[in-house]
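J.: Just the structure for this:
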Amino acid sequence: MAASLAVLGSLIWNWPPSSCGAMTRGIPRGRYVDNAALLTEAELRYDLTNRWSLIGFGSIGRVADTFGDLGSADDHFAVGGGFRYLIARQYGMRMGLDVGYSDDDDWTVYVTLGTGWV
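T.: Presented below is the predicted three-dimensional model:
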């Protein structure tokens, strides 16, 4: 099955739903997949210098067979942190490394280029 991604304003819709997976740092892709998903993630960045930054992030999500079942589904969370280096000041492009941890005792490492946040 192919996956698609649509952005509606600041809402990101991923199909098929894979909350706590494809769109969430800290939980391996495809770990939780079902027909309905609910997910939220937050990231904070602290600029140490003009080019170097530290980040922290956290997310929580649920997957279920139907949207009506999301209320009774288990929560799955991930937390982590990393750093960013501003490689192209004129374009605001950052590169960095993140390390995430999930409630299933999974550790993941991500190399990032650019950002999904404005």
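J.: quick one: the residue lying farthest from the centre of the chain and residue 104, what's the gap?
T.: Distance from the C-alpha centroid of the chain, by CA atoms, centre = their mean, peaks at residue 90 (25.8 Å). Noted for residue 90: a distance of 41 Å to residue 104, by CB to CB, to the nearest Å. All C-beta atoms are positioned from the backbone trio N, CA, C, and that covers glycine.
J.: and the residue farthest from the centre of the chain, what pLDDT?
T.: We have a pLDDT of 89 for residue 90.
J.: Before we go further, it is sitting in a helix, right?
T.: No - under DSSP: H, G, I helix; E, B strand; the rest coil, residue 90 sits outside any helix and is assigned coil.
J.: roughly how far apart are it and residue 36?
T.: Taken as CB to CB, the span from residue 90 to residue 36 is 42 Å.
J.: now swap in residue 80 and tell me
T.: Per CB to CB, residue 80 is found 25 Å from residue 36.
J.: more neighbours, those two?
T.: Higher neighbour count among residue 80 and residue 36: residue 80, with 21 against 17, using other CB atoms under 10 Å.
J.: The more buried one: what's its closest spatial neighbour, skipping adjacent residues?
T.: Nearest residue to residue 80, sequence neighbours excluded (CB to CB, 6 or more residues apart in numbering): residue 100, at 3.4 Å.
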